[in-house]
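Asker: Structure for the following, please:
(chains A and B)
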Amino acid sequence: KNQVEQSPQSLIILEGKNCTLQCNYTVSPFSNLRWYKQDTGRGPVSLTIMTFSENTKSNGRYTATLDADTKQSSLHITASQLSDSASYICTQQFYFGTGTSLTVIP
Amino acid sequence: NAGVTQTPKFQVLKTGQSMTLQCAQDMNHNSMYWYRQDPGMGLRLIYYSASEGTTDKGEVPNGYNVSRLNKREFSLRLESAAPSQTSVYFCASSEPWTSSGSLVNEQFFGPGTRLTVL
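Answerer: As a prediction, this is how the structure comes out:
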């Protein structure tokens, strides 16, 4: 069954700290692995897109990694800011994870 | 560029009523999509249109119909709304391209329509 699972479900961190979000997928065949950021009450916004041949992709303080052999991806956020508070969604093809809700506190 | 726009932003319907959700994009994308997002669940694909004149069912098409009016517009219709269709609906568009032999499909989402069916 095609699925995308994310962990943790929610996370609270102090401003300035780093964090890593996890994504496991069973979707086949591989298309491209995408991470989105969704602010409350808004539509998702693309952060990174990785093809099968890429194992790391950065977008500012966001760095995504991909291990196509184990079908795992991670999103690392460096030096978190209050504006990073949002839901982070992993997706493969048309299958979306339920997201990790990140809260950054002062 | 406005990107992807959706109307209305909010809607309350009674069971059995019908309505059409409108979506338009100004990025000249060929592909357009309708998703619904429910608490505790990921976005689920309702219908998509790979290009003008074509539409295909997604994961949860029952109770919905779509129309790809032209390249810019893709509408979603609920003929007889049910409480189970209470959700947030997102429209998205994309222009798939190939990188290193892989198809890259970055989707751009609209702001969503919050629909409540009583």
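Asker: Would you mark the buried spots in stretch A:40-47?
Answerer: Going by neighbour count (16 or more other C-beta atoms under 10 Å in any protein chain shown), the buried part of stretch A:40-47 is A:43-44, A:46-47. All C-beta atoms are positioned from the backbone trio N, CA, C, and that covers glycine.
Asker: do stretch A:56-74 as well
Answerer: Those buried within stretch A:56-74 under the rule 16+ other C-beta under 10 Å are A:57, A:62-66, A:68, A:71, A:73-74.
Asker: Select from those residues the entry with the lowest predicted confidence.
Answerer: By pLDDT, residue A:68 ranks lowest within the buried residues of stretch A:56-74, coming in at 88.
Asker: Contact partners for the residue nearest to residue B:87 when sequence neighbours are not counted?
Answerer: Nearest residue to residue B:87, sequence neighbours excluded (C-beta to C-beta, 6 or more residues apart in numbering or on different chains): residue B:36, at 4.3 Å. Contacts for residue B:36 (C-beta atoms under 8 Å, 6 or more residues apart in numbering or on different chains) come out as B:43-44, B:46, B:60, B:85, B:87-90.
Asker: what about residue B:36, which helix or strand?
Answerer: Assigned by DSSP states H and E, residue B:36 falls within strand B:31-37.
Asker: Check the offset of that strand from the chain's centre.
Answerer: 3 Å (C-alpha atoms, centre = their mean, to the nearest Å).
Asker: And the next helix or strand past that strand?
Answerer: strand B:44-49.
Asker: neighbouring contacts of the following helix or strand past that next one?
Answerer: Next helix or strand after strand B:44-49 toward the C-terminus (DSSP H and E): strand B:56-57. Strand B:56-57 is touched from outside by B:47-50, with contacts defined as C-beta under 8 Å, 6+ apart.
Asker: and with 10 Å instead?
Answerer: For strand B:56-57, contacts defined as C-beta atoms under 10 Å, 6 or more residues apart in numbering or on different chains pick out B:45-50, B:64, B:66.
Asker: which two from these end up farthest apart in space?
Answerer: Farthest pair in these (C-beta to C-beta) is B:50 and B:64. Separation: 17.4 Å.
Asker: between those two, who's got more neighbours?
Answerer: residue B:64 (19 against 15; other C-beta atoms under 10 Å in any protein chain shown).
Asker: so who does the nearest residue to the more buried one once chain neighbours are set aside touch?
Answerer: Ranked by C-beta to C-beta, 6+ apart and with sequence neighbours excluded, the top spatial neighbour of residue B:64 is residue B:46, at 5.4 Å. Counting by C-beta under 10 Å, 6+ apart, residue B:46 touches B:33-36, B:57-66, B:76, B:87, B:89-91.
Asker: how about the residue nearest to the spatial centre of chain B, what does it touch?
Answerer: Taking C-alpha atoms, centre = their mean, the centroid of chain B lies closest to residue B:34, which sits 1.9 Å from it. Shown in contact with residue B:34 (C-beta under 10 Å, 6+ apart): B:6, B:21, B:23, B:44-49, B:55, B:58, B:60-61, B:64, B:66, B:74-76, B:89-92, B:110.
Asker: and residue 86, how many neighbours does it have?
Answerer: Because you didn't say which chain, this covers chain A. If we define neighbours as other C-beta under 10 Å, then residue A:86 has 20 of them.
Asker: not quite, I wanted chain B
Answerer: 16.
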